[in-house]
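1. got a predicted structure here, sequence first:
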Amino acid sequence: MSDRIRFFDWRRTPGLGPLTVVVLLFLYAPLVILVIYSFNGGRTVTIWEEFSFRWFVRVAANSNIRDAALNSIIVAVTASVAATLISLAGAIALERGAALRWRSLISGLVAMPLVVPEIVTAITTLVFFSALGMQNGLLKLIIAHTVFCVPFALLPIRARLREMGPTYEEAARDLYASELKLLQRVTLPLLAPAIASGAVLAFVVSLDDFMISLMVSSAGSTTLPVYIYGMMRLGVTPEVNAISTVLLGFSLILVVTGLFIGRRSRTV
């Protein structure tokens, strides 16, 4: 009888393989079907007639869709840049601030948007802006998205800081580098891939956000996800499939880019 302690290996669970396939089909089959039917030339959504780019051309020619997409890009770019800068400062303070008090409490407060239901965040944000009397829809969206995206941008930056440790910075201090030179020549170059990864993640989260945008946006500041929701209230049309396919493809490209950059940051 062997004296070795046999640990449970969950990968050998009976039926795990077929169950995984079923779950993946349940999650991704609707997306595949949506993409396929976005190239359907017929007017009926669920009946295939012919392969065509007709609805993509129709979407590109729709000025309302272009305006909503432009609003989404403006908000996502501005919010991701602001959230990344805030996250960079916050990550350095949380990981390198020796005299920082209540570190755990601050970390929990920063990460709160990740655990609080988004509908709660959207309603409280709407109440806050109403109390301030703010009218500019795009400005409200940018502020709301920035706050919501900070935890997403903070995660890779803080993880990279914790992974690389203080060794390089201490070596630079031993060589009489000032704190500004230390930040410019050591910390920021080492953090660059993580900063880029956090910015991409924040951009994707902002671009795809629906609930906060629905609550906070006003006339003239409608984002693309909110516009798609308005179109679907009248029924699913081929235009909705085409817009969703474009948004899905763009998001996938950004997510893969963020994962690639994040992987590079772990190998640098």
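-> The structure has been received and is ready for your questions.

2. where's Ser130 relative to Ala111, distance?
-> 26 Å (C-beta to C-beta, to the nearest Å). Any C-beta I mention is one placed from the backbone N, CA and C, and that applies to glycine too.

3. next one: Gly220
-> For Gly220, the distance to Ala111 (C-beta to C-beta) stands at 33 Å.

4. between the two, who's got more neighbours?
-> Ala111 (15 against 10; other C-beta atoms under 10 Å).

5. how about the more buried one, nearest residue that isn't a chain neighbour?
-> Nearest in space to Ala111, with sequence neighbours left out and distances taken as C-beta to C-beta, 6 or more residues apart in numbering, is Pro151 at 5.1 Å.

6. the one you found - how many residues pack around it?
-> Pro151 has 23 nearby residues by other C-beta under 10 Å.

7. that one sits in which helix or strand?
-> helix 137-164 (DSSP states H and E).

8. using PDB, list the CA coordinates for the helix or strand just after that helix.
-> On the C-terminal side of helix 137-164, the closest following helix or strand by DSSP H and E is helix 167-174. Provided in PDB are the C-alpha atoms of helix 167-174 (Å, rounded to 0.1, in the frame of the first residue of the first chain):
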ATOM      1  CA  THR A 167      14.400  45.700  -5.900                       C
ATOM      2  CA  TYR A 168      14.900  47.800  -9.100                       C
ATOM      3  CA  GLU A 169      13.700  50.900  -7.400                       C
ATOM      4  CA  GLU A 170      16.000  50.400  -4.300                       C
ATOM      5  CA  ALA A 171      18.900  49.800  -6.700                       C
ATOM      6  CA  ALA A 172      18.100  53.100  -8.400                       C
ATOM      7  CA  ARG A 173      18.000  54.900  -5.100                       C
ATOM      8  CA  ASP A 174      21.400  53.400  -4.200                       C
END
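
9. assign Phe128 to helix, strand or coil.
-> Taking DSSP: H, G, I helix; E, B strand; the rest coil as the rule, one finds Phe128 in the helix state.

10. now it: how far from Met134?
-> 9 Å.

11. what does Ala172 give?
-> 44 Å.

12. low-confidence ranges in the stretch 151-268 of the chain?
-> 262-268 (pLDDT under 70).

13. pretty sure Ile228 contacts Ala242?
-> No. Counting by C-beta atoms under 8 Å, Ala242 is not a contact partner of Ile228; they are 10.5 Å apart.

14. those two - which one has more neighbours?
-> Ala242 (25 against 17).

15. pLDDT score for the nearest residue in space to the more buried one that is not next to it in sequence?
-> Nearest residue to Ala242, sequence neighbours excluded (C-beta to C-beta, 6+ apart): Trp55, at 4.0 Å. What the model reports as pLDDT for Trp55 is 88.

16. surely Trp55 meets Arg43?
-> No. Assessed by C-beta under 8 Å, Trp55 is found out of contact with Arg43, at 9.5 Å.

17. for these two, indicate the residue with more neighbours.
-> Ranked by neighbour count (other C-beta under 10 Å), Trp55 and Arg43 place Trp55 first, with 23 against 11.

18. what about that one, which SS state?
-> helix.

19. circling back to that earlier point, surely the residue nearest to Ala111 touches Val115?
-> No. Look at Pro151 against Val115 with C-beta under 8 Å: they stay out of range, at 9.4 Å.

20. how near is the closest residue to Phe56 other than its chain neighbours to Ile36?
-> Once flanking residues are discounted, Phe56 sits nearest to Ala242: 4.9 Å by C-beta to C-beta, 6+ apart. From Ala242 across to Ile36, the span is 12 Å (C-beta to C-beta).

21. could you do Leu224 as well?
-> According to C-beta to C-beta, Leu224 stands 21 Å off from Ile36.
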